[in-house]
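Participant: based on what follows, work out the 3D shape:
(chains A and B)
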Number of protein chains: 2
Amino acid sequence: MSIVVVGSVALDSVETPFGKAENALGGSATYFSAAASYFSPVNIVAVVGDDFPQEDIEFLRERGVNMEGLEVIKGGKTFHWKGYYGYNLNEAQTLDTQLNVFETFNPQLPESYRNSDYLFLANIHPALQLSVLEQVESPKLIAVDSMNLWISETRNELLTVLGKVDIAMLNDGEARQLSGEANLIKAAKAVREMGPKVVIIKKGEHGVAMFGEDSYFVLPASPVEEVKDPTGAGDSFAGGFMGYIAKAGNLEDRTLRRAVVYGSTIASFCVEDFSLERYRTLTMEEIEARYETFKEFSAFA
Amino acid sequence: MSIVVVGSVALDSVETPFGKAENALGGSATYFSAAASYFSPVNIVAVVGDDFPQEDIEFLRERGVNMEGLEVIKGGKTFHWKGYYGYNLNEAQTLDTQLNVFETFNPQLPESYRNSDYLFLANIHPALQLSVLEQVESPKLIAVDSMNLWISETRNELLTVLGKVDIAMLNDGEARQLSGEANLIKAAKAVREMGPKVVIIKKGEHGVAMFGEDSYFVLPASPVEEVKDPTGAGDSFAGGFMGYIAKAGNLEDRTLRRAVVYGSTIASFCVEDFSLERYRTLTMEEIEARYETFKEFSAFA
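Facilitator: Residues are numbered from 1 along each chain as shown, chains lettered A, B, ... in the order given. So this is what the prediction gives:
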């Protein structure tokens, strides 16, 4: 079953204590697509300028990503983000954001995308997320990501989006900010009352927690010490998560739990290198092997 | 197999947003003993004044705690701690500490305790922990707890203790302070290099992580929303942990993991009421039932 993702495709310049990348492939929809492509076909909706390298388009296409919904603006420049991470690696410092063609982005779903069963609204302005929601027919599952900026600046529009989706993915700080609750269990409960049946809270080095009606699942983070660049971890998680669900084709609790583990597994590979470099070599065998190590971290009899 | 615990037996006055207790039974050795007593005989080493209620001594004795090592100082006053928790419930504000008879505490192990196989050094001055270490013969397992005060004020003595124990239990802030590492995985590794083969990091609402040579185990916290008073949670965890190991009689990874789950289970009951009230009614059946819910939180196929 195919997935539609709407979000950013970008050229990022990132520096961490372990190196740097200049004008390298980035963007929420890009990380999501690469991750999800290990499990399911992905249809991307995004915009770039004509400075966007053809080889990056080819890379995604080879991974099975349908690029029909990638609008290329003649004479336009691709969205560019410049960021820096210190040794903590938990939070990026944004040094520069050039929205460029993203400033006037008006996502249009190609006809062939409209009856996709799975939809991921990556972290973009809630008004754009709403516009995409109006273009899909009756997806089986809609998930959304957001960020501190939209929670504070466009709260009402974000609440409208949350009222229409099945799953919300937030990091711990965002969940606290959105709910006004310091305790994450209470925060998740409050976000669930805004609409989503399932709330996933990404807790960085503390792993990820999924809260459903009667289910609570927590997965620790992989003790990878080889984090070179955390950019894209959250979108990679979302891609692995949605990709696995689309492949499984059901929304049973067992499937959602496995999806959380696959999402975490792929994210743990993503951060081992800059940009999407790790996806150029990552194999399904590596993913399955690390999935097993996640089992070891959390198993007891 | 029996356990020796050395620590405080106290009368606490605690206020939280959910109520308060005045001069109620408390102390690290007390919480530890009550928790461990569900699994193993416990020998307590501590000191109180003659103001300490006989009924509290009887309560512990009925739970199977050997009180031979409880020194009662005639005319002395029992250690008293007064604390307050806000809605966050994560960190206590100490309002008053009266060391009283604890000020001159010089722990002496009764002859009958000396060949115990399991020893827990609760959070007391590292010099006292060292004095106890010199009085035991050849325990199979020694675990230690500590706190920010000893890490900053008596670091060298604490390092000597750490060089002689098998397991260190710390909360996340203490692990960071002791190691100088912000990342908990790196912090645990650094603490392991100070001596303990196993480091357990208590992460409050993020659960608990255990780091061994080749093993890493993380258990989420129970999503209990009924926390009335968090006092004693860490010592109850330690008691359930050590108690289960002493009962199992081996140090296999499988045993240590189950011990973490039993420790967390008992701690999750302890915080449901003030002081040691919950231990007055808690049954082994309740413990086993909640153990199963912990399995549900972390299971995936």
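Participant: dump stretch A:242-261 to PDB, keeping only the CA atoms.
Facilitator: Listed next in PDB are the C-alpha coordinates belonging to stretch A:242-261 (Å, rounded to 0.1, in the frame of the first residue of the first chain):
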ATOM      1  CA  MET A 242       4.500   4.500   8.400                       C
ATOM      2  CA  GLY A 243       6.300   2.400   5.900                       C
ATOM      3  CA  TYR A 244       6.000  -0.700   8.100                       C
ATOM      4  CA  ILE A 245       2.300  -0.100   8.800                       C
ATOM      5  CA  ALA A 246       1.600   0.400   5.100                       C
ATOM      6  CA  LYS A 247       3.400  -2.900   4.400                       C
ATOM      7  CA  ALA A 248       1.500  -4.800   7.200                       C
ATOM      8  CA  GLY A 249      -1.800  -3.300   6.100                       C
ATOM      9  CA  ASN A 250      -3.500  -3.300   9.500                       C
ATOM     10  CA  LEU A 251      -3.600  -1.100  12.600                       C
ATOM     11  CA  GLU A 252      -3.400  -3.800  15.300                       C
ATOM     12  CA  ASP A 253      -1.500  -2.900  18.400                       C
ATOM     13  CA  ARG A 254       1.100  -5.500  17.600                       C
ATOM     14  CA  THR A 255       1.700  -3.800  14.200                       C
ATOM     15  CA  LEU A 256       2.000  -0.400  15.700                       C
ATOM     16  CA  ARG A 257       4.600  -1.700  18.200                       C
ATOM     17  CA  ARG A 258       6.600  -3.300  15.500                       C
ATOM     18  CA  ALA A 259       6.300  -0.100  13.500                       C
ATOM     19  CA  VAL A 260       7.800   1.900  16.400                       C
ATOM     20  CA  VAL A 261      10.700  -0.500  16.500                       C
END
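Participant: that one vs chain B: in contact?
Facilitator: Yes: looking at stretch A:242-261 against chain B by Cβ under 8 Å from any Cβ of the partner chain, the contacts come from A:254, A:257-258, A:260-261. (Each C-beta comes from the backbone N, C-alpha and C, glycine too.)
Participant: what would those residues look like in TSV with neighbour count, pLDDT and secondary structure?
Facilitator: Formatted as TSV, these follow (neighbours: other Cβ atoms under 10 Å in any protein chain shown; pLDDT from 0 to 100; DSSP: H, G, I helix; E, B strand; the rest coil):
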residue	neighbour count	pLDDT	secondary structure
A:Arg254	13	94	helix
A:Arg257	19	96	helix
A:Arg258	18	97	helix
A:Val260	24	97	helix
A:Val261	23	97	helix
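Participant: between those residues, which is nearest chain B?
Facilitator: Ranked by distance to chain B (Cβ to the nearest Cβ), the residues of stretch A:242-261 next to chain B are led by A:Arg257 at 4.1 Å.
Participant: hmm, the closest one is touching B:Phe300, no?
Facilitator: Yes: using Cβ atoms under 8 Å, A:Arg257 makes contact with B:Phe300 at a distance of 4.1 Å.
Participant: what do these two both touch?
Facilitator: Residues touching both A:Arg257 and B:Phe300 by Cβ atoms under 8 Å, 6 or more residues apart in numbering or on different chains: A:Phe217.
Participant: grab the nearest non-local neighbour of A:Val227.
Facilitator: A:Val271 (4.7 Å; Cβ to Cβ, 6 or more residues apart in numbering or on different chains).
Participant: the bottom helix or strand of chain A by mean pLDDT?
Facilitator: Sorted by mean pLDDT, DSSP states H and E, the helices and strands of chain A end with strand A:216-219, the least confident at a mean of 90.
Participant: following that strand, which helix or strand comes up?
Facilitator: Counting by DSSP states H and E, the next helix or strand C-terminal to strand A:216-219 is helix A:233-248.
Participant: packing partners of that following helix?
Facilitator: Helix A:233-248 is packed against strand A:3-6, helix A:28-36, strand A:118-121, strand A:141-145, strand A:167-171, strand A:198-202, helix A:253-270, with contacts defined by 3 or more Cβ pairs under 8 Å, 6 or more residues apart in numbering or on different chains; DSSP states H and E.
Participant: how about the ones you listed in CSV, adding distance to B:Ile142?
Facilitator: Below are these laid out as CSV (distance: least, Cβ to Cβ, whole Å):
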stretch, distance to B:Ile142
strand A:3-6, 53
helix A:28-36, 45
strand A:118-121, 51
strand A:141-145, 47
strand A:167-171, 39
strand A:198-202, 37
helix A:253-270, 35
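Participant: and chain B, is the least confident helix or strand of chain A touching that?
Facilitator: Yes: judged by Cβ under 8 Å from any Cβ, strand A:216-219 comes into contact with chain B at A:216-219.
Participant: OK, contacts around A:Asp253?
Facilitator: A:Asp253 touches A:212, A:215, A:217, counting by Cβ under 8 Å, 6+ apart.
Participant: neighbours around the second one, how many?
Facilitator: For A:Ser215, the count of nearby residues is 14 (other Cβ atoms under 10 Å in any protein chain shown).
Participant: report pLDDT for it.
Facilitator: At A:Ser215, the predicted lDDT confidence score is 84.
Participant: low-confidence ranges, chain A, go.
Facilitator: Where chain A drops to pLDDT under 70, the residues are A:224-225.
Participant: near chain B, which residues of the stretch 151-300 of chain A show up?
Facilitator: Residues of the stretch 151-300 of chain A lying near chain B (Cβ under 8 Å from any Cβ): A:182-186, A:203, A:205-207, A:209, A:215-220, A:223, A:225, A:254, A:257-258, A:260-261, A:295-300.
Participant: residue of the stretch 1-150 of chain A closest to chain B, please.
Facilitator: A:Asn88 (5.7 Å).
Participant: quick check: phi and psi at that residue.
Facilitator: phi -60, psi -40 (degrees, to the nearest 10).
Participant: show me the contacts for A:Lys140.
Facilitator: A:1, A:117-118, A:251.
Participant: err, A:Phe274, not the other one
Facilitator: Contacts of A:Phe274 by Cβ under 8 Å, 6+ apart are A:14, A:16, A:19-21, A:24, A:228-229, A:231.
Participant: thinking again about what came up before, for the residues of strand A:216-219 next to chain B, which one is nearest chain B?
Facilitator: Nearest member of the residues of strand A:216-219 next to chain B to chain B, counting by Cβ to the nearest Cβ, is A:Val218, at 3.3 Å.
Participant: surely that closest one meets A:Gly207?
Facilitator: Yes: counting by Cβ under 8 Å, A:Val218 does reach A:Gly207; the two are 6.3 Å apart.
Participant: please name the bridge partners of the nearest residue to A:Lys20 once chain neighbours are set aside.
Facilitator: Leaving aside its sequence neighbours, A:Lys20 sits nearest to A:Val14 (Cβ to Cβ, 6+ apart; 6.4 Å). A:Val14 has these beta-bridge partners by DSSP bridges: A:Ala21, A:Gly83.
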